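S.K.: here is the input, now give the coordinates:
(3 chains)
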Amino acid sequence: MSAPLLIVEDLVKRYPNGVLAADHVSFSVDEGSTIGIVGESGSGKSTTARVVLGLEIPDSGSVRYAGRELLRRRRSSLRDVRREVQVVPQNPQTSFNPRASILDSIRFHARVTRTRIDRAGILEMLERVGIGAGNAAKYPHELSGGQLQRCAIARALIPAPRLVVCDEAVSALDKSVQAQVLNLLADVQRDLGVAYVFISHDLAVVEHIASDVVVMRRGRIVESGPAAEIWADPQHEYTRSLLDATPEKRIERALAS
Amino acid sequence: MTARLRVRDLSVSFTRGERVVDAVRGVDLDVAAGRTLVLLGESGSGKSVTANAILRLYGRSARLGGAVELDGRNLLGLPASEMRRLRGRVVSMVPQDPSAALDPLRRVGDQIVEVLGLWGMARSRGAARRIAAEQLERVGIAEPERVLRSLPFELSGGMRQRIAIAIAVACEPQVLIADEPTTALDVTVQAQVLDLFSELQRANDMSIVMVTHDVGVARMVGHDIAVMYAGRIVERGPMEQVLSAPRHPYTAGLLEALPTPGVPRGSLRAIPGRPPGPGEELAVDACAFAARCRSAVAACWTHRPPLHTVGSDHDAACDVIDEPIRISFPTLERTEVA
Amino acid sequence: MSADTITRVVASPLPVRRARPRVRWGAETVAGVVIVGGLLLVALLAPLIAPSSPTSGDVSRRLFDLGTAGSPLGTDGQGRDILSRLIWGARPALIGGVTPVLIAGVIGATLGMVAGLAPRFGRSAIMRTLDVLYAFPAILLAVAIGAALGPGVTNSVVSLAVVLIAPVARVAEAEVLRVRSADFIDVARASGATRAIIAVRQVLPNIAPALIVYCTSLIGLAIVYSAGMSFLGLGVAPPNPDWGQMLNDLRQFIYDRPLLALVPAAAILLASVGFNLLGDGLKRQLDVRDGEVLL
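M.R.: Residues are numbered from 1 along each chain as shown, chains lettered A, B, ... in the order given. Below is the predicted model of the structure:
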């Protein structure tokens, strides 16, 4: 049993306005698996994601990727890590440069991550996520939310990452499109062995896609464990209230009775 | 059922440059007193446009056809001044984004008092403030005085939505239109706000038209449901009946696409393709859903099925399906051939 | 990359299609384009279209009123044809308007970008320093600097450029802050992009439209200011024709020939309005392009 790919330990982050966004947050992700981070607004899940991605510096704690400590290191020494850890952001409309075509944006991304790939290679990746070549030259405002999220996934996969942070990646999509993107993410994981840190406020989505779940509230982890267990038998009061409010859970109960 | 609100053959078209966009076509709805109708649909389905059209919120930019009858009176035929008197008092709306409903630069109390004054509900500022505090209590705000003194940014999203609801129901309207009222809220707050709608409805026999894209939300609040796709209603009827025994492949598809526990990863039954964008060109003589439909046959491409009765109070616009669709989810036991 | 991938890609039926932007012609845009275009033409073709010399005049023909045969816009105190001076004056007007804005645009945009992308402390340092400049009424500051530097076109342009840097930087900084909050910037940063490459490849193209619109309108203002500087004797030296200077010349005759002074004034006004309208038209055009985007 190899060591986990990502180990987050005891993260603490307090913003200048006094809000404690991360209160001793710890979790780990195994190679090729998915951990779901569930919480409502203000739970600190986004802050945790940003720390893992190197976009924010915590007050204390440790983030170890493939055995290497990421915090308190110079950016230039972590170039290769930044390639292998990618992100799919929440808002499809702002996740691409509005002034560049999708193709150009992805080319730029390849350059930034020092990935050697040519135009045909990019088109092939887009094809793989279900975006035809005709759409590659389009600008973000010409594509729908679902299409843009697929493009964002393609972009994330270009540098051959081992870990992808999906930050509310399906939250802005219609439910039927959400299902397509969730399927795509699962296929990609099966084919490429990518690990996911899947952040969402939707417990039903997280239960579906994650094998382990961490529930956050006001910066603290209130419960964690295998997804199926949390769904079937939540221990913490907050988890229970989240579950009670989740429509899919209500439907499940209604159908069972 | 005697309907308090009857929408007949409603159509809404927008002119964009040289193009005419038909956002809503031929919509019929009935909402009785004390009941909630959910308009369910995804982006581009025309559900929000329908809601806005009922309130005649579009000016000259839109052409409306058909009738919207409230207690027999056609709202679409009223002069603008008359409609302004009804709007907010007899027919009222809760918008999707609570921040948009409130002026960020003024205290909440001042805004509510102003609205009450406009509607002639209070004789003095003092009286208006008392009524405002009562309304806030009614929507479950524990410290109304403190909230009245606050600026909108100091309050949470859930609080702001409650305030928007309070303003909307202050005049005890007969019909309340709620456009995705909980989309911007956390899931626990969402549950509370939806419960609030039910309470208010029980207290005043208010009719509610709720627009949403979330089947789960629909189930929590609605008595009746109308599913919209590409500007038309494709299925409607009592909530439980439509959701447990749907007669239109799109409704079934929406239900099957939900991330239900037990479905193996990667096997969600997604509806292939995507919904037509608002105003996208569609063939006149074909079913708008045919391109994405599992059950489509050749006839679906040459003929648009009208909405017809398939059960008691249950209508569907599909000629292929002639019995309730059994919603099934892929499970680990069954091996699915894609 | 396998062989059939290549075939698949090459055989793709749809050509890679770019969306062609539609031009939104509104009344303002047309008016702006016509005026500015006309101004450019007049300035370019001055030697060909001016009826007589702008610098030499016949004193025996001085102070002829508007509508005189041979000098439709009259003659000034030294007998020079006003129409010819007006035509030739289009050059310094344009130069005096465009050059300072160009200089201030480049410097202000750079400062604004640096400030916008910098951490809080650096940003405050830059912007608060610029605020000091911004606090002065622009024309007073320009005159002060111009007086310190002495008369002449170059000095006038320099003093105006200095004055305009702060407003441009403000607009640039505000735009940068707006763009900075978008996800695509985070994606680049998280993947190891340096601040510099993000600034040039991602931020700059997104702030450029707003800056271009702002600077176009600023040209209108600069034309007025530069005419003002010349009016005060700080810009173009006589006898070279310049609208501001003409205004100064002709105002002494305001009791005998009031209409003569109106001519350069009208020209300054028209040029300024023209650029403002062009700026408005550009704004509309660019808003439409970005309309679908939530940014």
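S.K.: from now on I want contacts and neighbour counts done on CA atoms only, so please keep to that.
M.R.: Noted.
S.K.: so what's the residue nearest to residue A:156 when sequence neighbours are not counted scoring on pLDDT?
M.R.: Excluding its sequence neighbours, the residue lying closest to residue A:156 (C-alpha to C-alpha, 6 or more residues apart in numbering or on different chains) is residue A:86, at 5.5 Å. Here, the pLDDT recorded for residue A:86 equals 96.
S.K.: now do residue B:299
M.R.: pLDDT, residue B:299: 88.
S.K.: and it, what are its phi and psi?
M.R.: Phi and psi for residue B:299, reported as degrees, to the nearest 10, are phi -60, psi -30.
S.K.: same question for residue A:170.
M.R.: Phi and psi for residue A:170, reported as degrees, to the nearest 10, are phi -110, psi 0.
S.K.: any idea which element the nearest residue to it once chain neighbours are set aside lies in?
M.R.: Nearest-residue entry for residue A:170: residue A:178, 5.6 Å, with adjacent residues in sequence omitted and distances by C-alpha to C-alpha, 6+ apart. The secondary structure element spanning residue A:178 is helix A:175-192 (assigned by DSSP states H and E).
S.K.: from chain C, how far off is the residue of the stretch 101-250 of chain B found nearest chain A?
M.R.: With C-alpha to the nearest C-alpha as the measure, the residue in the stretch 101-250 of chain B that lies nearest chain A is residue B:216; the distance is 4.4 Å. Counting by C-alpha to the nearest C-alpha, to the nearest Å, the gap from residue B:216 to chain C is 27 Å.
S.K.: next one, pLDDT for the nearest residue to that residue once chain neighbours are set aside please.
M.R.: The spatial neighbour of residue B:216 that comes closest, neighbours along the chain excluded (C-alpha to C-alpha, 6+ apart), is residue A:247 at 4.4 Å. For residue A:247, the pLDDT comes out at 79.
S.K.: before we move on, what about residue C:22?
M.R.: Residue C:22 is assigned 60 on the pLDDT scale.
S.K.: how much space between the closest residue to residue C:79 other than its chain neighbours and chain A?
M.R.: By the measure of C-alpha to C-alpha, 6+ apart, the closest residue to residue C:79 outside its immediate chain neighbours is residue C:62, 3.8 Å from it. Distance from residue C:62 to chain A, counting by C-alpha to the nearest C-alpha: 58 Å.
S.K.: and for residue C:62, the neighbour number?
M.R.: Applying other C-alpha atoms under 10 Å in any protein chain shown, we find 16 other residues in the vicinity of residue C:62.
S.K.: where does the prediction get shaky in the stretch 51-200 of chain A?
M.R.: Within the stretch 51-200 of chain A, not a single segment meets pLDDT under 70.
S.K.: would you tell me which residues of it are close to chain C?
M.R.: The stretch 51-200 of chain A has residues A:53-55, A:75, A:79, A:82-83, A:85-89, A:91, A:93-99, A:109, A:112-113, A:120-121, A:123-124, A:133-141 near chain C, with proximity defined as C-alpha under 8 Å from any C-alpha of the partner chain.
S.K.: helix/strand/coil for residue A:221?
M.R.: Residue A:221 falls in the strand class when you classify it by DSSP: H, G, I helix; E, B strand; the rest coil.
S.K.: and the closest residue to it other than its chain neighbours, which of the three is it?
M.R.: In space, residue A:221 comes closest to residue A:215 once its chain neighbours are excluded; the distance is 5.6 Å by C-alpha to C-alpha, 6+ apart. When classified by three-state DSSP, residue A:215 comes out as strand.
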